[in-house]
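# Take a look and give me a structure for this.
(chains A, B, C and D)
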Amino acid sequence: MSDSESGFTPNEMMTIAASRALKNDDVCFVGIGAPSAACNVARLTHAPDITLIYESGTIGTAPQVLPLSIGDGELCDTAVTTVSVPEMFRYWLQGGRISIGFLGAAQLDKFGNINTTVIGGYPHPKTRLPGGGGAPEIATSSKEIYITMAQSKRGMVETIDFFTSFGHGEGGDHRKRLGIETAGPTLLITDLAIWKPDPVTKEFTVVSLHPGVSRAEVQATCGWTVKFTDALEETPAPTALELKTLRDLQARTKAAHAGTGKGKAA
Amino acid sequence: MSDSESGFTPNEMMTIAASRALKNDDVCFVGIGAPSAACNVARLTHAPDITLIYESGTIGTAPQVLPLSIGDGELCDTAVTTVSVPEMFRYWLQGGRISIGFLGAAQLDKFGNINTTVIGGYPHPKTRLPGGGGAPEIATSSKEIYITMAQSKRGMVETIDFFTSFGHGEGGDHRKRLGIETAGPTLLITDLAIWKPDPVTKEFTVVSLHPGVSRAEVQATCGWTVKFTDALEETPAPTALELKTLRDLQARTKAAHAGTGKGKAA
Amino acid sequence: MVKFLPLSEAVAGNLNDGDTVAFEGFTHLIPTAAAHEAIRQGFEELTLIRMTPDLVYDQMIGMGMARKIVFSYLGNPGVGLLRRARDAIENGFPRPIEVEEHSHAGMANAYEAGAAGLPCAVFRGYRGAGLAAVNPNIKTVTCPFTGEVLAAVPAIRPDVTFIHAQKADRKGNVLVEGIIGIQKEAVLAAKRAVVTVEEVVDSFDELHPNLTVLPSWTISAISVVPGGSHPSYTHGYYIRDNAAYLEWDEIAADREKFQGWMQANVIERTAADFAGRVEHLRIAA
Amino acid sequence: MVKFLPLSEAVAGNLNDGDTVAFEGFTHLIPTAAAHEAIRQGFEELTLIRMTPDLVYDQMIGMGMARKIVFSYLGNPGVGLLRRARDAIENGFPRPIEVEEHSHAGMANAYEAGAAGLPCAVFRGYRGAGLAAVNPNIKTVTCPFTGEVLAAVPAIRPDVTFIHAQKADRKGNVLVEGIIGIQKEAVLAAKRAVVTVEEVVDSFDELHPNLTVLPSWTISAISVVPGGSHPSYTHGYYIRDNAAYLEWDEIAADREKFQGWMQANVIERTAADFAGRVEHLRIAA
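Take a look at the predicted model:
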């Protein structure tokens, strides 16, 4: 599938596969570190009416270039409305209006639990990461959670060092037992594969390999023993339109950000 | 004092005496039924920078005519800012930013407790009144409460039928015992006199009679046995400027309201 | 997704007998046209929620449509009492009506909690107030840090909310401006929301980013009804018909006069009549 | 009453050693000039509160001014980690620092509760989250109507809040627009508030009534500092200096490089330098 003409990188495949999972009537909460590229490719291709919400308060935004931060001016300029941060978290996230919360992860386990807080122990961490930002409540208030990250043994681990945001916990009905009524992680898209939780155990299971990717490659870059579904599929390669949309977006973004400032003083 | 040249009505005296109690740096919450005339006379005479807040969300308003309702457009047009009703009650009233809450009353007792809810029993009232609106929390969240009403035996009673808003309860330290930290009613201005609470018992005591008013007249129009302070004063009569300001305001108001609508359909 | 509908269809498709319904508007932007359409369609056994019931709920109660009313100020703003509501509460006419009464702070916080998806609102309120003794929906919670006892009321979650607003764009986003009251919360707290607007414009691209705009996907139906809030007003379009509020006091004082007025001015009319009612109140452009 | 003051006086008169202080701004409108002035004046033992600490707190922590930090996202937005804050937490350099960590929802609700005069905030949060186990300021309350267990956090009440805003009018009212973040709540929650603005205009009479305006009497001091939020941005004035955020990652990575940069760019500079830093970022009128 990946001949020289339609060549694409694993990261491009990841972003485009994630974009395909979004529907035109989705209301998508794009948290810190989340792939807003995927959300905006969806908006620029098959989901022109998708509602993108950034936690800075911008609702229904349609940026021409990808924001560097979740509060770039472009997001406000193109939004349907911009609200305060307390309103964002109370009325829009906690209010149950978000269909898809889109999260990234520094560490992820097989049940979709995410760590972006610390490597090592909490009181005396080996590495202090940025922390959760909006993620703890995005993970429990959004109707569903999509996760996207590039695979690595360091990132996809048997046991995460800190529960920044709750996925399916120990699996099974753990969410329900904690009084969490939303579905939690229903999709994981990596640079190698598409994963969905087992209906009963909630363990992420590979349902589709990206073009040219082997089972062995998926296992080699994952810290837990990977389960594959019986009816394993191959992810359709990016179309020319999808690739062009993503690359144009990234080119516009690069040009826009390079144009700002000499950085003489921060 | 009330010669033919400077003649004034008891209601005018009441409004002007109330206006004098307001200071230039007061932040005044003008609740339903409250004498916004007094607040606006203060603003148009000695307190040009007074902040008037109406519960409809208008902050720092400066109407040219008195509003008929607490949500007239004039209030918004002249306000520094107009906020939502939840914000008004959370950030501005409950936030402790109001120096003076100005309340009227259908029934008032000697401890400044107010009833605007029912005459008779609550479940089967003889007369169903409008109820409290913002008053229950204005009474407890404002730093001080000023009350203004025309005297009558029906209105100033030994025992009110319902505690719409709490004044000094049974008197003494009753507010503190309920965990209310604000001062409560500190001033009552009627068409006949100025009253202040006794420092210990908190019973309203007449401290000043309006020009030409006798102690007997005050007692004859009040349902409880009236106490008078030893150093009883006479309220200074309205000045020509105060009267002109009040009457001009009322004339502008009458002209503006008469101009609206034939009332063909409500 | 939001639909642009004639008001009669928007009401018929979103309101049902027995519903809990809010027709909200804090003096400004009262959805009178929608309420009159509901009266014409003759719904029954409604639970009516509103901070400041005023004329339209006086009318619905007088027509016997309500089994319960939830409110914080049952007056004709700036005029006095609501005489049809009084007749129902004091005399059970035309039918007895259940009362759930709050303060403005209680209602405002309860709508806010509804919009925020919470089961209850927590605030400092009702201290020493008689309502806490007569309304079982006023309870307390204790701050786990300071021990302070705070008031709690259940979140308001209407089956359907009706509001009136200035304008929609073609996509169905709605702008509310001026005294915005509790409208945003009332819409976001409800399962369904119907909005009447003065007009539809091509786009909101030129609007200031921080205005109160309800995204199209938060609204069920939009109906264009110029003048739809008369005798209340619409900031930027027409002023309040204060004379009508004063007149209402007389109309509602008498049961037969009320019935005659309702027949002539509501039952035999349509939403299209509202435009004419505000003609003399319009703000010069 | 609000005073218009040079920034050095506004900071000296409102910030004290040992204070709990918030320099707020959610990516937009970060009060960098005020933070740099505080660094020049060398305050000690501060408790720094902010949802998204970013560069200015990295700088203050790196200079050893903070004894504690309260936050929900300790990153360089869109770039990565905050390396001076990491050094303090991981290695106690230049001094150990106490950490109180929340989620954005927790911080936003805590500021809201502070503005609302409540002792605590109640919301649906922290379910299954590790923070609830390591932060003793995350507790619960139970809804008295449904029995649902909700999260509670103490209200945030800074001694002083610093924000940057677009403009003040001559009376000292302040307009914040664009991504308004948590600024209004941070000001209203604080005992004192200092605002840097891009400019002062005669009056706000022509402003839309529903914009975010902080009345003059809610503010202690206003300082006019054009460019005062660089390398953050001010909606309507200049754009975000993304390159500076990328560069910071290298500067903060090395203790000596950091010190040299601070000396040259903060200690030896004044608030007046900010105007020049945004010259090439200004939005064409």
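# Give me the secondary structure label for residue C:247.
Classification of residue C:247 using DSSP: H, G, I helix; E, B strand; the rest coil returns helix.
# and it, how many neighbours?
Burial measure for residue C:247: 20 neighbouring residues, criterion other Cβ atoms under 10 Å in any protein chain shown. No exception for glycine: its C-beta is placed from N, CA and C like everyone else's.
# and the longest helix seen in chain C with chain D, contact?
Under DSSP state H, the helix in chain C containing the largest number of residues is helix C:104-115. No. Helix C:104-115 lies out of reach of chain D by Cβ under 8 Å from any Cβ of the partner chain, never closer than 9.2 Å.
# Give me the sheet partners of the helix or strand following that helix and which way each runs.
Using DSSP states H and E, the helix or strand that follows helix C:104-115 towards the C-terminus is strand C:120-123. Here strand C:120-123 is paired, per DSSP bridges, with strand C:149-154 (antiparallel).
# how many neighbours does residue A:52 have?
26.
# next helix or strand past the helix or strand harbouring it?
For residue A:52, the host element (DSSP H and E) is strand A:51-54. Downstream of strand A:51-54, the first helix or strand assigned by DSSP H and E is strand A:58-59.
# Check which helices and strands that next one is in contact with.
When contacts are defined as 3 or more Cβ pairs under 8 Å, 6 or more residues apart in numbering or on different chains; DSSP states H and E, strand A:58-59 packs onto strand A:81-82.
# for the record, mean pLDDT for the strand it packs on?
Confidence over strand A:81-82 (mean pLDDT, whole number) is 98.
# Distance from it to the middle of the chain?
Remark: strand A:81-82 is offset 23 Å from the chain centroid, using Cα atoms, centre = their mean, to the nearest Å.
# picking up where we left off before, can you tell me the strand partners of the strand holding residue A:52 and which way each runs?
Short version: by DSSP bridges, strand A:51-54 pairs with strand A:27-30 (parallel), strand A:58-59 (antiparallel).
# so residue A:58 bridges to which residues?
Under the criterion used (DSSP bridges), residue A:58 bridges to residue A:54, residue A:82.
# ok, it - how many residues close by?
With other Cβ under 10 Å as criterion, residue A:58 counts 31.
# circling back to that earlier point, is the longest helix of chain C up against chain B anywhere?
Yes. Contact between helix C:104-115 and chain B, assessed by Cβ under 8 Å from any Cβ, occurs at C:104, C:105, C:108, C:109, C:111, C:112.
# What helices and strands are in contact with that helix?
Using 3+ Cβ pairs under 8 Å, 6+ apart: helix C:104-115 touches helix B:85-87, helix B:135-141, strand C:120-123, strand C:149-154, helix C:183-189.
# can I have the third one written out in PDB, keeping just the CAs?
Backbone C-alpha positions of strand C:120-123 (Å, rounded to 0.1, in the frame of the first residue of the first chain) are rendered in PDB as follows:
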ATOM      1  CA  CYS C 120     -27.400  19.900  43.600                       C
ATOM      2  CA  ALA C 121     -26.200  23.500  44.100                       C
ATOM      3  CA  VAL C 122     -24.300  24.500  47.200                       C
ATOM      4  CA  PHE C 123     -24.200  28.200  48.400                       C
END
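# Show me how far the helix or strand following it is from its chain's centre.
Counting by DSSP H and E, the next helix or strand C-terminal to strand C:120-123 is helix C:131-134. Relative to its chain's centre, helix C:131-134 lies at 24 Å (Cα atoms, centre = their mean).
# what's the model's confidence in helix C:131-134, averaged?
Helix C:131-134 comes out at a mean pLDDT of 97.
# Identify the residues contacting it?
Contacting residues not belonging to helix C:131-134 are listed as B:117, B:122-123, B:132, B:136, B:164, C:101-103, C:106, C:126, C:138, C:151 [Cβ atoms under 8 Å, 6 or more residues apart in numbering or on different chains].
# Of these, grab the buried ones for PyMOL.
Paste this into PyMOL to select the buried members of the contacts of helix C:131-134, with burial taken from 16 or more other Cβ atoms under 10 Å in any protein chain shown:
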select buried, (chain B and resi 117+122+132+136+164) or (chain C and resi 101+102+103+106+126+138+151)
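# Looking at pLDDT only, which of the contacts of helix C:131-134 scores worst?
Where pLDDT dips furthest among the contacts of helix C:131-134: residue B:123, at 91.
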